[in-house]
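*Asks:* fold the following for me, if possible:
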Amino acid sequence: MTTDLWMLAWSAALCLTMPLFYVPGLLQVSGGLLWGLGNRDTPLDERPLWAARAQRAHANMVENLAPFAALVLIAHAAGLANAATATGATMFFWGRVAHFAIYTAGIPYVRTLAFGIAIAGEIRIFLALFG
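*Replies:* Numbering: from 1, shown residues only. As a prediction, the model looks like this:
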């Protein structure tokens, strides 16, 4: 498997495991277990701030994973996967790991830098598709 595809697989694994980090925080809230098992018609109040940030970071990862996957798969299918796409995919993965950790910890500004690194990785792959 190419580096691009490995980074896609690891990015999917990251996305799948992110809830494991914040669900325990949601369960600490009074009624959190019932809320989680129910229809979630109302917001869960009094979530720990770190758990809420981790949940938002997860939602952001879900939003960004589809375009990343599309770019990696297009590069692979078109036979255009190369060192540039591998670098871009690696930037995306590690940028997303850093984004999740930094956002959950509540460190402003640096979170945006980590997000930017991940997006720059996607842009690198996109540009490689055109030469």
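
*Asks:* for Leu8, which residues are in contact?
*Replies:* 68-69, 72-73, 89 (CB atoms under 8 Å, 6 or more residues apart in numbering). (Each C-beta comes from the backbone N, C-alpha and C, glycine too.)

*Asks:* just the buried members of those?
*Replies:* Buried members of the contacts of Leu8, scored by 16 or more other CB atoms under 10 Å, are 68, 72, 89.

*Asks:* so how far is the helix or strand containing the first one off the chain centroid?
*Replies:* Using DSSP states H and E, Phe68 sits within helix 49-77. With CA atoms, centre = their mean, to the nearest Å as the basis, helix 49-77 stands 4 Å off its chain's centre.

*Asks:* now it: average pLDDT?
*Replies:* Rounded to a whole number, the mean pLDDT of helix 49-77 is 96.

*Asks:* got it, and stretch 89-97?
*Replies:* Stretch 89-97 shows a mean pLDDT of 98.

*Asks:* for that stretch, list the C-alpha coordinates in CSV.
*Replies:* In CSV, the C-alpha atoms belonging to stretch 89-97 read as follows (Å, rounded to 0.1, in the frame of the first residue of the first chain):
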residue,chain,number,x,y,z
ALA,A,89,-1.3,12.8,3.2
THR,A,90,1.3,12.7,6.0
MET,A,91,0.8,16.4,6.7
PHE,A,92,-3.0,15.8,6.9
PHE,A,93,-2.7,12.9,9.3
TRP,A,94,-0.3,14.5,11.7
GLY,A,95,-2.0,17.9,11.5
ARG,A,96,-5.2,16.2,12.5
VAL,A,97,-3.6,14.3,15.4
